[in-house]
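1. After the sequence you'll find the predicted model.
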Amino acid sequence: MNIKDLEYYKVVCEQKSITKAAHALYLTPQGLSKIIKNIENELEATLLNRTASGISLTRSGTYLYQHLEDFLEPYHSVCSEIRCIEQQEKREIDLLSAYGILRLVTPECLADFREKYPEITLTYREYPDRQVEQRFLAGEGNVAFTIGNHGANYMDATFMESFEIKLLVNEEHPLSRKKSVSIRDLQGERLYIESPEFHIHHLILDKCREAGFEPDIVFETSGFSLCHKMVQQNKGISVTVDFIFEDMKQKGLVMIPFDDGAYEWSTYMFTRKGTVENPDIRLFHRHVVKWMEEIAQNPGIRQ
């Protein structure tokens, strides 16, 4: 049993399904089951009740889950500190960004930073937002752009900008005549939506279930583009946010606000807390914050 195995066990507990957890971790269900079984063998305990309908935690499994952070948190804190030291010495900024956020920040922001500070190496990688969260918490990168404030106590989160999530329909769809909608208006509609690797998927799914129904999800994708395309062809409905809607500029589409609660796509920048502050990360942080302030004053920068 090692730290990674325990992190896998944590995901199983949170997903309440080995299959869903394996999908989120990019493992096979068989491989993940073997890892959990190895933990059980080492502890000489049964952690999961396995039934045809799914899994549940045993008393021992619940106890382990409740105390995971007692040793995972210090481990990640030490690893984070070491990475801060190494990246500071190498003058590296390794940015993990959720899909869509570089549209928001604009590529010019990164290009301008590279031009001003050529002595600093800036690289970036894009992933679905839940992957960014998992990778950053696991120690990858030293800056992250993602959705929602899900940081640990050894990280700093800076709010960047928030957008209202709205229903996206074709202008010929009956819902297009409404000034606002509720989540119940999605019932029975063919829904195109981002995959479970995105927070927006879980927000909409949870809202539907709170309203007492399962949405008719006909396709899950890795980004907004395909959703917009399917709605443009009037094959179903979707959800989107303003700046992406404006960025794509597709004809025949209508956005409608929800009137039954908070539906928000909030973006944050995460940096790691180190004993000694990294001056290069501080420069990048200030650069992004100032850039976002300029965009707020002049939205045309994104055009």
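-> That came through fine.

2. and residue 236, how far is that from residue 143?
-> Relative to residue 143, residue 236 is positioned 36 Å away (Cβ to Cβ, to the nearest Å). (Glycine included, C-beta is placed from N, CA and C.)

3. One more: residue 17?
-> Per Cβ to Cβ, residue 17 is found 32 Å from residue 143.

4. Pick out whichever of those two has more residues nearby.
-> A direct count of neighbours by other Cβ atoms under 10 Å for residue 17 and residue 143 places residue 143 higher, at 22 against 15.

5. my guess is the more buried one meets residue 269, correct?
-> Yes - shown here, residue 143 and residue 269 form a contact pair, counting by Cβ atoms under 8 Å, at 6.7 Å.

6. So for those two, which residues contact both of them?
-> Common neighbours of residue 143 and residue 269 (criterion: Cβ atoms under 8 Å, 6 or more residues apart in numbering): residue 285.

7. So residue 22 belongs to a strand, correct?
-> No - applying DSSP: H, G, I helix; E, B strand; the rest coil, one finds residue 22 to be helix, outside a strand.

8. so who does it touch?
-> 28, 29, 31, 32.

9. could those residues go into JSON lines alongside pLDDT, neighbour count and secondary structure?
-> Converted to JSON lines, those look like this (pLDDT from 0 to 100; neighbours: other Cβ atoms under 10 Å; DSSP: H, G, I helix; E, B strand; the rest coil):
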{"residue": "28", "pLDDT": "92", "neighbour count": "12", "secondary structure": "coil"}
{"residue": "29", "pLDDT": "90", "neighbour count": "14", "secondary structure": "helix"}
{"residue": "31", "pLDDT": "93", "neighbour count": "11", "secondary structure": "helix"}
{"residue": "32", "pLDDT": "93", "neighbour count": "22", "secondary structure": "helix"}
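
10. distance of residue 288 from residue 2?
-> As judged by Cβ to Cβ, residue 288 and residue 2 stand 35 Å apart.
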